[in-house]
Every structure is written in C-alpha cells, then in structure tokens.
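> Structure of the sequence below:
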Amino acid sequence: MDAFLEFLTGYGYWGMLLGAFLAGSVFPFSSETMMVALLGSGLDGWQLVIYGTIGNILGSIFNYFVGRMGKLEWIEKYLKIKKESMDKAERFMAGRGAWMGFFAFLPIIGSAITVTLGFMRANMLISFVSIAIGKFLRYWLLIYGVKWLFC
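Residues are numbered from 1 along each chain as shown. This next block holds a predicted model:
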C-alpha cells in the first residue's frame, strides 16, 4: 500500500483525484492520508480539497450506478459489500432517502450508503448533491484542521 501511495503522490493533484476516486468507490484506500502527505509536500490545500472532492464524488457515483443496476450478486462479488452492510445502510437511511448521501464520507458504511442509494433508486440529483456536500466538508475540515494544528 505504501508503494501505491508513493506512486499516486508522485502525480500531485491528479494523483489526489485518482486516490480519492479509489477511496470513494469501494477500494480500501485512505485518501485522507494521501491528502495530508501531499499538503506536507507543499501542494496547495484548496486545490487538494477540490481534486479530492471531485475524485471522491466520482467514486461514489460509480458505486451509485453499480447499485442502481440492482444485481446483488455483482455488488457482493465485485464490490465486496455484503448484503448485511447494505441492510445496515438502508436501516441507517430509513425514511430519509437521498439526503442521507451526505454521510457517504463515513468510513466502512460510506460505500454501502452510496451503493444502497443506487439500489433503492433514490433521487439521483439529491443523492449527488448531498454526497458532494458531505465529501467537500470532510476534506475542507481535514485540510484546514491540519493547517490550524501545525501552522
């Protein structure tokens, strides 16, 4: 994993976008670690937030559309998301619908939320907007929290 992280950080902002995409989909990858490493290497925090947010949103959109296909066996086989995780995400979102996409930034359950939103055919626009808000705020708080602590 360290070699992969080094590879992505070598590409700067584009590496951030790709790393965030992978983390936003179902790959076990920490875009936060990468973002802090890139910030420490001298890259601009605001641009890291933008590239990271875009990549992470795209990863979530990928999950949404896989869920929207409605093939549980594909979700379990290729995305490694168990039906129990989707059930847990569905209970978490019960009655709140597409706005629960805001919580897609949460570790472990975040991918299940985005896949479940697609599986439930939640409103696409509201889902994407709520996902975008949550992911942007998470990265913004990370970057400016790190800057506040260490500057």
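> Show me the shaky parts of this structure.
1-2, 4-5, 151 (pLDDT under 70).
> and the residue most central in space within it, what does it touch?
For the chain, Gly24 is the residue whose C-alpha lies nearest the centre (CA atoms, centre = their mean; 2.7 Å). Residues in contact with Gly24 (CB atoms under 8 Å, 6 or more residues apart in numbering) are Ser31, Gly55, Asn56, Ile57, Leu58, Gly59, Ser60, Phe62, Asn63, Ala104, Lys135. Glycine gets a C-beta too; all of them are placed from N, C-alpha and C.
> and those as a markdown table, adding distance to Arg91?
What follows is those, written out as a markdown table (distance: CB to CB, whole Å):
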| residue | distance to Arg91 |
| --- | --- |
| Ser31 | 27 |
| Gly55 | 29 |
| Asn56 | 24 |
| Ile57 | 24 |
| Leu58 | 27 |
| Gly59 | 23 |
| Ser60 | 20 |
| Phe62 | 24 |
| Asn63 | 18 |
| Ala104 | 16 |
| Lys135 | 22 |
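> which ones among the residues you listed are found in helices?
The helices, defined by DSSP state H, take in Ser31, Gly55, Asn56, Ile57, Leu58, Gly59, Ser60, Phe62, Asn63, Lys135 from the contacts of Gly24.
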